[in-house]
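Enquirer: Using only what follows, build the 3D model:
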Amino acid sequence: MTPLSKPPRYEAVDALRAAAMVWMAAFHFCFDLAHFGVWPQDFRTDPVWTTQRTLILSLFLFCAGLGQAIALHQGQSLQRFTRRWLQIAGCALLVSLGSFFMFPRSFIYFGVLHGMAVMLLIARFTAGWGAWLWLCGLVALALPVAATHLLTGAFSDLAPAFDARMLNWLGLVARKPFTEDYVPIFPWLGVLWWGLAAGQWALRNGCGWPRAPLPRAFSPLSVLGRWSLSFYMVHQPVLIPIAMGLAWIFKP
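Expert: Numbering: from 1, shown residues only. Model prediction:
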């Protein structure tokens, strides 16, 4: 590549990321309908919704790990990484501010963008761990389970400290906090690490699927996947007024 050329896009990865975003938007619209009383649902405990949230978030963070593998493979500079990281961190602050006005008692102080900002820094500086990332990911997934067991048992005296907002962003808690979105470092760093490891393996071994061209029918997904942060920031400001309008029309 010449210094001014753009690195090639990996359309399959873009489309996979977009699929997660579309699924997320549908999930959030259902949540909005429930919040405004149009379609009563229990999003906090019903497995139909809690399982979907886990799958959506897992797919999204796995794609983030794949994206980091591709960026490093293409020689992404620290300056470009920093610029993108500042965009994510800035949007995380906007999410906190907006959610505070809508949900003052349960505003988002460490949601998906907050977690992404921290996890991308970790991924950037652990990318050289190679195959060890698979084991690290497994440990990251297991840590919250072990922490909950210890903090509700032998180390229960430490539970208030780890459950407090100062530390609960780690995910090593006895009980989950009351907030509209909670994406702590553990276990979710494990998913991102596995995405990073899978991307590195695929690129190192010449696996064709990340580079594979998409059928024309999936081209819109590929385009959407390139604008994931913008889509994330605008989808709720668009969906919430629609849900409010439906509530005004249909709610007794």
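Enquirer: From here on, just use CA atoms for contacts and neighbour counts.
Expert: Will do.
Enquirer: Quick check: which element contains the residue lying closest to Val191 once chain neighbours are set aside?
Expert: Nearest non-adjacent residue to Val191, counting by CA to CA, 6 or more residues apart in numbering: Phe62, 5.6 Å away. Element membership of Phe62, judged by DSSP states H and E, is helix 47-73.
Enquirer: Show the secondary-structure elements that that helix is packed against.
Expert: Judged by 3 or more CA pairs under 8 Å, 6 or more residues apart in numbering; DSSP states H and E, the packing partners of helix 47-73 are helix 11-35, helix 112-126, helix 185-204.
Enquirer: May I see the buried residues of it?
Expert: For helix 47-73, burial by neighbour count (16 or more other CA atoms under 10 Å) applies to 49, 53, 56-71.
Enquirer: before we move on, back to that, quick one, what contacts the residue nearest to Val191?
Expert: Contacts were defined as CA atoms under 8 Å, 6 or more residues apart in numbering; by that measure Phe62 touches 191-196.
Enquirer: out of these, which are buried?
Expert: Buried, going by 16+ other CA under 10 Å: 191-196, out of the contacts of Phe62.
Enquirer: since we're on the closest residue to Phe218 other than its chain neighbours, how many residues are nearby?
Expert: Computed as CA to CA, 6+ apart, the closest residue to Phe218 that is not its neighbour in sequence is Ala15, at 7.2 Å. Per other CA atoms under 10 Å, the neighbour tally for Ala15 reads 22.
Enquirer: How about the secondary structure of Arg83?
Expert: helix (DSSP: H, G, I helix; E, B strand; the rest coil).
Enquirer: Equivalent analysis for Pro177, please.
Expert: Secondary structure for Pro177, judged by three-state DSSP, is coil.
Enquirer: re the thing from before, quick one, which of the helices and strands packed on helix 47-73 is nearest to Val234?
Expert: Val234 lies closest to helix 11-35 among the helices and strands packed on helix 47-73, at 10.3 Å (CA to CA).
Enquirer: Show me what that closest one packs onto, helices and strands only.
Expert: Short answer (3+ CA pairs under 8 Å, 6+ apart): helix 11-35 packs on helix 47-73, helix 219-225, helix 228-250.
Enquirer: What are the buried residues along the last one?
Expert: Buried positions in helix 228-250, judged by neighbour count with 16+ other CA under 10 Å: 228-229, 231-232, 235, 239-240, 243-244, 247.
Enquirer: Can you tell me what sits against the worst-scoring helix or strand of the chain on mean pLDDT?
Expert: Every helix and strand of the chain was ranked by mean pLDDT, DSSP states H and E. The lowest is helix 219-225, at a mean of 90. The contact list for helix 219-225 (CA under 8 Å, 6+ apart) reads 11-19, 21, 231.
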